[in-house]
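Engineer: Here is a sequence together with a model predicted from it:
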Amino acid sequence: MASSSDDGSSSGADSWRPSPQATPDDISLAKSLSIWPLDENNVELLNEVRHRNYVNPTPLNMYDLVVIGAGAGGLVSSRQAARRGAKSCMVSAELAGGDCLNSGCVPSKALLRCAKLIREARKATAPNNEFGISIRQKSLEDDDDEQQNEPVEMEVAVDFPQIMQRMRKLRSKIAPVDGHDRGDTLGTQTFQGRGVFVSPSTIEVVGHGKVLGDASNPQLNFRKAVIATGGRPYVPDNIPGLNDAPYTTNLNLFNLQQLPKRMVVLGAGIVALEMAQAFSTFGTEVTVLGRSRLLSKGDEEAARVLQSALEKDGVTFLSGVNVEEVKTLRAPKDGNLPLMNVSLTCKEHSKLDLECECLLLALGRTANVKSMGLEKANVPYHPTAGVLVNDFAQSTSNPNIYAVGDCVANVPRLTHMSGEMAKVVVQNSLFEGQWKLSSFVVPAVMYTEPEYAVVNKVISLDENGHVVPTAKENDEECDIYKAELKHNDRAILDSSDEDGFVKIFCKKGTGTIVGCTVVSSRAGEIINEISLAIKHGIDLEGLGRNIHSYPTLGEGVMGCGLQFINSKWTTM
């Protein structure tokens, strides 16, 4: 790497450096990328996904495929194209790996693992617990003494800085798969900067600290292009004081080094509930603010079960919330957490003020589609929903430009959805494929305890073949088969999933599966069987006649199938 920097830094170092060796420019840039602290683990991460002094390669005269974005969709698109012989490149504006690696799936699941182990440890140290575990003090003076000491009451202590250090270590371990060097070995070029369309067939890469039109900015000419710019947390602009408050989103939540005493979560979706349960388990006093019930677009019974489970872990829920104002009582300073006051009305209280050190906004996501020249590329888009595409993931007005992932309107915002869309785009754009988004059967999982998993067909088209919002399936048009896991032998033996269930939806009067909801400690594993069945036309009788291992929670699927089979029995 060259010593000159594309980001205006005067540093001559080729790599990021941890504090205290880091320069003020290092620190400023790391914070702007929402990666902090600048310890050895985060330095390893940044050296993979956002090189400090990166020199962009010399552009080719023409690319078969140029991808703007370096998250799951961008990585898969550019790399699979290269592996199949195409001349491809990827434009990375911030951090390769996108939200999933840096501020989403990876760090959140690291925290959830710690939270689960803490809950298990508390069960194991509870006096007179059912598992036959007691904690005793071992005598250091007489190791040979066979006499057991009396059980002592123990407390499970939580070391939050260690939890976060573990997360950073594991994230940096995963990072090389998404890093620039890995892309080079697979044959795709990586440009670091902001990709902007300057014509229907040209993209300009605007380097950090540069402006559009700078003569030094690389110009990328393409046959086909992919927009994979992802999304960002939605921040409402109608709550007085919020924009000036030191609120938290998933982008900077995983930079915390101190455990907040109190957390207020605005929103009641997947991020909100996963983090509410985790932080409550760590010892934070957590209050979740929702306008309506949990999972407002999901299964109502599942919502009740999940709310009950989280309440047992100490989470408080308020519904019908209207946030009237957010006041900053203390700004963050010298490493100390801020203090805010949230004024609200809700169903449970006519007027309520909540103080918190962490205000987590988890209200969904907004597509990253602004200021990238989509108008010059003749690509229509919705400013918050994203790029409008047809069934082939192709722009509705420019057939040479495709889009994948969270920046696309009316598709699920999931990492595995982005990756699968990327495969479709490579096949359709470069190999005359006709792969269709409407064929997708997409599972989604919330990794609370218990987990919540759903699957159905989620892509709908209008009369022009354009992707449009999907209406919720009407339960009255379906036959519902439900297996309660409190009768499942594995659940009984594990002392788990007493309120869990598998619920399968079929077209009225048939065994054709159209959807499924699972609430279980292993819902994310169970749901894949249903995904496979819907995708390949296996009906509910087929699932019922499939032999399942005993004892497993997956037998809940077979239980639903047996209900369907038994309903058609011939009896004597």
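Structural biologist: That came through fine. Numbers count the residues shown, from 1 in each chain.
Engineer: how about the strands in the stretch 401-550 of the chain?
Structural biologist: Ranges of strands within the stretch 401-550 of the chain are 401-403, 441-446, 451-457, 460-461, 467-468, 478-484, 501-507, 513-520, based on DSSP state E, counting those that start in this stretch.
Engineer: Same check on the stretch 251-400 of the chain?
Structural biologist: Going by DSSP E, counting those that start in this stretch, the stretch 251-400 of the chain shows strands at 262-266, 285-289, 316-318, 322-330, 339-345, 352-356, 358-361, 365-367, 381-382, 386-387.
Engineer: Any idea how many residues pack against the closest residue to Val424 other than its chain neighbours?
Structural biologist: Nearest non-adjacent residue to Val424, counting by CB to CB, 6 or more residues apart in numbering: Trp435, 4.4 Å away. Heads up, the C-betas are built off the backbone N, CA and C, glycines and all. Neighbourhood size, Trp435 [other CB atoms under 10 Å]: 18.
Engineer: ok, now the one 5 residues further on?
Structural biologist: The burial count assigned to Phe440 is 18, neighbours taken as other CB under 10 Å.
Engineer: ditto for Asp178
Structural biologist: 26.
Engineer: do Pro20 as well
Structural biologist: 6.
Engineer: that's a helix at it, yeah?
Structural biologist: No. Under DSSP: H, G, I helix; E, B strand; the rest coil, Pro20 falls outside any helix and is assigned coil.
Engineer: Please determine how far it is located from Asn42.
Structural biologist: 14 Å (CB to CB, to the nearest Å).
Engineer: for Arg52, same thing?
Structural biologist: 12 Å.
Engineer: what do you get for Arg304?
Structural biologist: 40 Å.
Engineer: Show me which of the two is the more surrounded one.
Structural biologist: Higher neighbour count among Arg304 and Asn42: Asn42, with 24 against 15, using other CB under 10 Å.
Engineer: so which helix or strand takes in that one?
Structural biologist: Using DSSP states H and E, Asn42 falls within helix 40-49.
Engineer: What average pLDDT does that helix get?
Structural biologist: The pLDDT scores in helix 40-49 average 97.
Engineer: Equivalent analysis for stretch 329-347, please.
Structural biologist: On average, stretch 329-347 scores 95.
Engineer: Quick check: Gln21 vs Leu29, distance?
Structural biologist: Distance from Gln21 to Leu29, by CB to CB: 15 Å.
Engineer: Of those two, give the one with the bigger neighbour count.
Structural biologist: Counted by other CB under 10 Å, Gln21 and Leu29 do not tie: Leu29 has more neighbours, with 23 against 11.
Engineer: So for Ser199, which of the strands of the stretch 401-550 of the chain sits nearest?
Structural biologist: Ranking the strands of the stretch 401-550 of the chain by proximity to Ser199 (CB to CB) places strand 401-403 first, at 11.4 Å.
Engineer: what does the closest one rub up against?
Structural biologist: 200, 224-228, 377, 379, 386-387, 389, 392-395, 425, 428-429 (CB atoms under 8 Å, 6 or more residues apart in numbering).
Engineer: follow-up on the earlier one: export the strands of the stretch 401-550 of the chain to a markdown table and tack on distance to Leu414, mean neighbour count and mean pLDDT?
Structural biologist: Shown next, in a markdown table, are the strands of the stretch 401-550 of the chain (distance: least, CB to CB, whole Å; neighbours: other CB atoms under 10 Å; pLDDT from 0 to 100):
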| stretch | distance to Leu414 | mean neighbour count | mean pLDDT |
| --- | --- | --- | --- |
| strand 401-403 | 15 | 29 | 98 |
| strand 441-446 | 6 | 20 | 97 |
| strand 451-457 | 11 | 23 | 96 |
| strand 460-461 | 17 | 15 | 95 |
| strand 467-468 | 15 | 18 | 96 |
| strand 478-484 | 23 | 18 | 97 |
| strand 501-507 | 20 | 23 | 97 |
| strand 513-520 | 16 | 26 | 97 |
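Engineer: Among these, which comes closest to Asn252?
Structural biologist: Of those, the one closest to Asn252 (CB to CB) turns out to be strand 441-446, at 21.7 Å.
Engineer: helices or strands up against that closest one?
Structural biologist: Under the contact criterion of 3 or more CB pairs under 8 Å, 6 or more residues apart in numbering; DSSP states H and E, strand 441-446 touches helix 270-282, helix 415-430, strand 451-457, helix 523-535.
Engineer: among the strands of the stretch 401-550 of the chain, which is nearest Gly97?
Structural biologist: That would be, of these and by CB to CB, strand 401-403, which comes in at 19.1 Å.
Engineer: That closest one: how far from the chain's middle?
Structural biologist: In terms of CA atoms, centre = their mean, to the nearest Å, the centre of strand 401-403 is found 22 Å from the chain centre.
Engineer: From the contacts of strand 401-403, which land in helices?
Structural biologist: Cross-referencing the contacts of strand 401-403 against helices under DSSP state H gives 425, 428-429.
Engineer: where in the stretch 151-300 of the chain is pLDDT low?
Structural biologist: 151-153 (pLDDT under 70).
Engineer: So which residues of it form helices?
Structural biologist: With helices called from DSSP state H, counting those that start in this stretch, the stretch 151-300 of the chain shows them at 160-174, 180-186, 250-253, 270-282, 300-312.
Engineer: Minimum distance to Thr366: which of those helices has it?
Structural biologist: Of all the helices of the stretch 151-300 of the chain, helix 250-253 sits nearest to Thr366, with 12.4 Å by CB to CB.
Engineer: Return the distance of the closest one from the chain's centre.
Structural biologist: 12 Å.
Engineer: ditto for stretch 459-475
Structural biologist: That offset, for stretch 459-475, works out to 24 Å (CA atoms, centre = their mean).
Engineer: who's in contact with that stretch?
Structural biologist: Contact with stretch 459-475 is made by 297, 388-391, 396, 408-411, 437-438, 440, 456-458, 505, 514-515, as judged by CB under 8 Å, 6+ apart.
Engineer: show me what contacts Lys507?
Structural biologist: Contacts of Lys507 (CB under 8 Å, 6+ apart): 477-479, 514.
Engineer: Which member of these is positioned nearest Glu348?
Structural biologist: Scanning those for proximity to Glu348, where the rule is CB to CB, the winner is Cys478, at 33.7 Å.
Engineer: State the distance from the closest one to Asn546.
Structural biologist: From Cys478 to Asn546 the distance is 21 Å (CB to CB).
Engineer: what does Gln219 give?
Structural biologist: From Gln219 to Asn546 the distance is 56 Å (CB to CB).
Engineer: now do Asn341
Structural biologist: When Asn341 is compared with Asn546 (using CB to CB), they lie 55 Å apart.
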